[in-house]
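> Dropping a prediction and its sequence here:
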Amino acid sequence: MSVDIKLPEGQKENFVNGIYRCADDANYSESFGFQWNKFQRTQIDQFEKGLVQSRLRLFAETAWKPSELANLNILEVGSGAGRFTRALLESTESNVYSVDSSTAVNANLANNSRFGSRLKIFQASIYDLPFAPEQFDKVICIGVLQHTPDFKKSVACLAAMLKKNGELVIDFYPVTGWWTKIHAKYILRPITRRMSHARLLAIIEANAGWLIKTYFFFERIGLGRILNRFLPICDIKNTLPEGLSYEELKEWVVLDTFDMFSPRYDQPQKPEVVRKWAEESGLEASFCGYVPLEKGSAAVVRAIKK
């Protein structure tokens, strides 16, 4: 069964070049449009190289069995370049309605247009989703909610899209203790998030080489856990896949470091708080905690609409 499109009040349907356009390009998520069109294929699973990080993360966090998703309507909010969009479409026979508020939708279409009518892409705000409520069997939002202006409202908007007995799966940056924000990211973000995207990217690219070397030096001498949090570089050991060449590793590092410093919002949360917000949105939590991944772990809440 198809999903009814319901555009925000006063907005006309604007279907351009294979994408439903329901948001202006200029909004709080601009940096992600810049990022994912620059690094369109960096995080896309490359099966010929044995890199399946996106697929592994998706099914670890959701605990879904691909065979059980056939013909279901799945809403994905915050698609980026479509790494999880592709993992869903490659692994299941589901119909995916993929949303991003930024121009990253262009990269998603370029990566995944071959899936035809099973994929529909929308540029839209999480706060004005272009669908009638209670239509989706599953809703996922991976790597996104900490970057939205109002985390609690975002959860409620996602919950509204679920059918009765439908499931929401979300992950987010966690607050793990008082030391969470004693980190290079949060120390420097007041400056970096105000830079132009091009300037910030150029600074990261110019410094990536020595930062990678310093990161691994601290790891070798046993001080990585303490000192690397103060380096302005992503956590290579606990986030990036194995088997990358040095050039591929550097590309991932530049991307993930830009992702650390460029977003307008970065609001980590305690898992139990996110669970409470899901329950206040009419859902019943089935899981709240940490899911082990191939590298590191993810803070995840799963919840069912009763």
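Good, I have the coordinates. Numbers count the residues shown, from 1 in each chain.

> what about the helices in the stretch 101-250 of the chain?
Applying DSSP state H, counting those that start in this stretch to the stretch 101-250 of the chain gives helices spanning 104-112, 151-159, 184-192, 197-220, 224-227, 236-239, 246-261.

> Make TSV from these and add mean pLDDT and mean neighbour count to it.
Placement of C-beta: from N, CA and C, glycine included. Compiled in TSV, the helices of the stretch 101-250 of the chain are given as follows (pLDDT from 0 to 100; neighbours: other Cβ atoms under 10 Å):
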stretch	mean pLDDT	mean neighbour count
helix 104-112	98	23
helix 151-159	98	21
helix 184-192	98	15
helix 197-220	98	15
helix 224-227	96	13
helix 236-239	95	16
helix 246-261	98	19
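
> do you know which of those lies nearest residue 144?
helix 151-159 (8.1 Å; Cβ to Cβ).

> Restricting the selection to alpha carbons, write that closest one to PDB.
Written as PDB, here are the backbone C-alpha positions of helix 151-159 (Å, rounded to 0.1, in the frame of the first residue of the first chain):
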ATOM      1  CA  PHE A 151      15.400  17.000  20.100                       C
ATOM      2  CA  LYS A 152      12.200  16.300  22.000                       C
ATOM      3  CA  LYS A 153      10.000  17.800  19.300                       C
ATOM      4  CA  SER A 154      11.900  15.800  16.700                       C
ATOM      5  CA  VAL A 155      11.100  12.500  18.500                       C
ATOM      6  CA  ALA A 156       7.400  13.500  18.600                       C
ATOM      7  CA  CYS A 157       7.300  14.300  14.900                       C
ATOM      8  CA  LEU A 158       8.800  10.900  14.100                       C
ATOM      9  CA  ALA A 159       6.400   9.100  16.400                       C
END
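
> Might one say that residue 218 is in contact with residue 233?
No - using Cβ atoms under 8 Å, residue 218 makes no contact with residue 233, being 10.6 Å away.

> can you tell which of the helices of the stretch 101-250 of the chain is closest to residue 288?
helix 151-159 (12.6 Å).

> Run through who's touching that closest one.
Residues outside helix 151-159 that contact it (Cβ atoms under 8 Å, 6 or more residues apart in numbering) are 75, 77, 126-127, 129, 139, 141, 145, 148, 168, 170, 172, 267, 269, 274, 277-278, 280-283, 303, 305.

> And stretch 185-200, by the same measure?
30-31, 34-35, 180, 203, 230, 232, 258, 260-264, 266.

> Pull out the buried residues from the residues you listed.
Taking 16 or more other Cβ atoms under 10 Å as the criterion, what is buried in the contacts of stretch 185-200 is 30-31, 34-35, 203, 232, 258, 260-264, 266.

> taking those residues as a set, which two sit the farthest apart in space?
Checking these with Cβ to Cβ, the most distant pair is 30 and 232, at 21.4 Å.

> Got the domain ranges for this structure?
15-175+268-305, 184-261 (automatic domain parsing).

> now the ones you listed in a markdown table, with distance to residue 5?
Listed next are these as a markdown table, based on distance: least, Cβ to Cβ, whole Å:
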| stretch | distance to residue 5 |
| --- | --- |
| domain 15-175+268-305 | 6 |
| domain 184-261 | 30 |
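
> Can you tell me which of these is most buried?
Highest mean neighbour count among the domains of the chain (mean count of other Cβ atoms under 10 Å): domain 15-175+268-305, with a mean of 19.
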